[in-house]
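1. Sequence and predicted structure, then a few things I'm wondering about:
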Number of protein chains: 2
Amino acid sequence: MDRFEPNLRIPGPTALPPTVREAGARQMINHRGPEFAAMLGRILEGMKPYFGTTSDVAMISSAGSGGLEAAIVNTLSPGDRVLGVSIGSFGDRFAKIATVYGADVTRLDAEWGYAAAPDEVRERLRSMPEVKAVLLTHNETSTGVMNPIADLAAAVREERPDALILVDSVSGLGAVPFHMDDWGVDLVVTGSQKAWMAAPGLAMIAASARGWAAMETARMPRFYLDLRAHRDAATNGQTPFTPAIAVVYQVDEGLRLMAAEGADHIFARHEACAAAARAGLVALGFELFADQRYASRTVTAANVPDDLDWKAFNAEIKSRGVVLAGGQGKLTGKIFRLGHLGSVTLEEILGALSTLEVAALTLGRPVEPGAAVGAAQRAALATAGIAALSVTGAGA
Amino acid sequence: MDRFEPNLRIPGPTALPPTVREAGARQMINHRGPEFAAMLGRILEGMKPYFGTTSDVAMISSAGSGGLEAAIVNTLSPGDRVLGVSIGSFGDRFAKIATVYGADVTRLDAEWGYAAAPDEVRERLRSMPEVKAVLLTHNETSTGVMNPIADLAAAVREERPDALILVDSVSGLGAVPFHMDDWGVDLVVTGSQKAWMAAPGLAMIAASARGWAAMETARMPRFYLDLRAHRDAATNGQTPFTPAIAVVYQVDEGLRLMAAEGADHIFARHEACAAAARAGLVALGFELFADQRYASRTVTAANVPDDLDWKAFNAEIKSRGVVLAGGQGKLTGKIFRLGHLGSVTLEEILGALSTLEVAALTLGRPVEPGAAVGAAQRAALATAGIAALSVTGAGA
């Protein structure tokens, strides 16, 4: 298979466009010099419209989980009351970080596969008058559910106007519209290896005025993840610690491609690819794991049927160059996930579905050749944005 | 200048060899798959001889400073008594991190430019019977001083056999011999952008049996930097959080080049380049900043003479493609630094010195053309390892 590039259909890292790959091969530069400063400035400014903010953005060299930790330790103090709303593995992680650092965390868990309910959040907050922060996951990568952040934030604001709203959008931001200023969200975390089409290694974090103000009094210990240090260094075009320069090159190039494509087109492309993935999997006989009212636009999870030998099926798919993700944590062996974010094209989704069809046929499952691809094609065409999909690539 | 590659003579990030650059452009893979597992295994095993250990090595996606924070928070508890031995900016940082996380830090500061004295460490420890850890910097990047870690560790062991010895070797390891097991060192941190010839973004940390044991009871909060989580995930060929894959590719390739060159040759090359840098700068009329008994083999610092317009001089040098580093912190404007680590060759050092000569001549300073290069050449030839320098590159 070495002469073919695999169709990497995991929910991040996403495949890199050619010019992003090339950017990763650039020679090192002085990270205290003007070339780096210009690049950092472009990235921090270029990210703002995707966050939907006019406030400051910070960039730290870490995985998305380092960004989640930064969200917690920069805004909270030990003993602070926190509502951790979890709908899956990454919501659990967000709440766990707060617990590790000494916050007093109350959990509100939705059944995995479902979104959080604004009414339940409001209800829970009613008995938490002293709540300091609410933790929300935008796109839950482990279940393929996208929370209605606008509605959830409105519920929080209504009940507890002063609570901080901290949002994990590692795998959502940049692929779907987000308006943190309008929604009253205080802090949002994203990661380079998702919608931004770059390698992993950078987390970008935006905070509202309230979010930045909270950092002045928050007492959880922090040094490497200190966001104020990052913001202050950025005013001089620098980072407080040596940044992951190769990944910075890639994010810079990814943002250039995204600007060339245009946000509306990017969002429409993700919508069409998500619709195709869902319809195709259903046509193949799979049951989708997530409540479809809140189906993610960046990753689709499907149940592994009882009568399917998943290992044999996945080996068949892999041998044909398509890489899927299995389930995480308690969903290991129970679901599989197909990622459609970043540089994804409709053709890649249809291609992956065609390979799943062939694999199913090879295993003797009752599948009509082309049916899943046809269903996917029709679903994509039915999305609002499909008319805008004049190119298949990630833009010029 | 765009058609020339600059001679990047800062003390990290170092210039990347061609195949390391190419590795940074590879397509993403599933970081939960077998290809990544094989690569991670190669790196963690391949690093051990440079650490001088048979114990486990962990790899985290962060700058070197994230590695220093990991050293502190994984082994210590709030209130622990710590001796922070500092000989410069990075020693200060190491001690500061411990303070931020609630350790009770006693400082032992050497005058900048000097190494730490084993007798003074022993003396200070005499009055600290309850000391839990001693923080040491191996190579102090800010001053160009390399501490005698073997002697310092012996002094600690003599006075306080049970104290943890935590060492920052971000910019030393891989460029000079290090024997943590033999020296009784408990934890060592290094960074991908130094001797390892890769982009920044990964920190590698080795711990002794005592170091790993300390993590079982240490109570400072940690999540992203939890080394036990990294060690445990590595037994399955994974990292607990999405790793900086592009940098992992580069470190893997850097280690391959290092194995091809051989450790003895690498160490001899650094010794020869360091000798050349020092002799050349002296011949150019500069006073070296560091106590030459403990001069670093990876970076040389020189005083900015009172009669030199540093900005004009540096602009002249930059316009000719050589990138130097200025002073940090309280040394800003007082010294400049010339890096010679990672993929550095003797030719690059002689080239940089020739450019400094030309710049000095351009500014009307009394310099004899070729004198600095000649002095540097002679110094390099006089080093023990020069006979082994049969190639100028970083190996095949």
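-> The structure has been received and is ready for your questions.

2. mind listing what A:G88 touches?
-> By C-beta atoms under 8 Å, 6 or more residues apart in numbering or on different chains, A:G88 lies in contact with A:W112, A:T137, A:E140, A:T141, A:S142, A:T143, A:V145. Where C-beta positions appear, they are placed from N, C-alpha and C, glycine not excepted.

3. hmm, try it at 10 Å
-> For A:G88, the contact set (C-beta atoms under 10 Å, 6 or more residues apart in numbering or on different chains) comprises A:109-114, A:137, A:139-145, A:147, A:290, A:301, A:328-331.

4. From the chain's centroid, how far away is the longest helix along chain A?
-> As assigned by DSSP state H, the longest helix anywhere in chain A is helix A:263-283. Averaging C-alpha positions (C-alpha atoms, centre = their mean, to the nearest Å) puts helix A:263-283 15 Å from its chain's average.

5. and if you look at stretch A:165-180?
-> Distance of stretch A:165-180 from the chain centroid (C-alpha atoms, centre = their mean) equals 7 Å.

6. now it: mean pLDDT?
-> Averaging pLDDT along stretch A:165-180 yields 98.

7. Same check on stretch A:339-346?
-> The pLDDT scores in stretch A:339-346 average 96.

8. Distance from the chain centre to that stretch, please.
-> Relative to its chain's centre, stretch A:339-346 lies at 12 Å (C-alpha atoms, centre = their mean).

9. ok, A:P240 to chain B distance?
-> Separation of A:P240 from chain B (C-beta to the nearest C-beta, to the nearest Å) stands at 8 Å.

10. Nearest residue to the middle of chain A?
-> A:S171 (0.5 Å; C-alpha atoms, centre = their mean).

11. any low-confidence regions in the stretch 201-350 of chain A?
-> Along the stretch 201-350 of chain A, segments meeting pLDDT under 70 are nowhere present.

12. Around chain B, pick out the residues from it.
-> A:201-203, A:220-226, A:239-250, A:318, A:323-326, A:328, A:342 (C-beta under 10 Å from any C-beta of the partner chain).

13. Surely the residue nearest to the centre of chain A touches A:A325?
-> No. Between A:S171 and A:A325 there is no contact, the gap being 11.6 Å when judged by C-beta atoms under 10 Å.

14. Need the residues touching each of these two.
-> Between them, A:S171 and A:A325 share the contacting residues A:P11, A:G12, A:T141, A:S142, A:V299, A:G339, judged by C-beta under 10 Å, 6+ apart.

15. ok, those residues vs A:A154, which is closest?
-> Of all the shared contacts of A:S171 and A:A325, A:T141 has the smallest distance to A:A154: 24.1 Å, by C-beta to C-beta.

16. Right, and chain B sits closest to which residue of the stretch 251-396 of chain A?
-> Going by C-beta to the nearest C-beta, chain B is nearest to A:V323 of the stretch 251-396 of chain A, at 5.3 Å.

17. Provide a list of residues in contact with that residue.
-> Neighbour list for A:V323: A:6-10, A:15, A:314, A:317, A:338-339, A:352, B:28-30, B:32-33 [criterion: C-beta under 10 Å, 6+ apart].

18. Could I get the full set of helices for chain A?
-> Going by DSSP H, chain A shows helices at A:18-24, A:34-51, A:64-75, A:89-100, A:118-126, A:149-159, A:180-183, A:209-217, A:227-234, A:245-261, A:263-283, A:310-319, A:346-362, A:371-381.

19. Leaving out chain neighbours, which residue sits closest to A:V299?
-> With sequence-adjacent residues excluded and distances taken as C-beta to C-beta, 6 or more residues apart in numbering or on different chains, A:V299 is closest to A:P11, at 3.8 Å.

20. For stretch A:99-110, give the mean pLDDT please.
-> Stretch A:99-110 comes out at a mean pLDDT of 98.

21. Are any of the contacts of A:G88 buried, and if so which?
-> The neighbour-count test (16 or more other C-beta atoms under 10 Å in any protein chain shown) marks A:109-110, A:112-114, A:137, A:139-145, A:147, A:290, A:301, A:328, A:331 as buried among these.

22. where's A:R365 relative to A:F313, distance?
-> The gap separating A:R365 from A:F313 is 9 Å, by C-beta to C-beta, to the nearest Å.

23. same thing with A:R93?
-> 29 Å.
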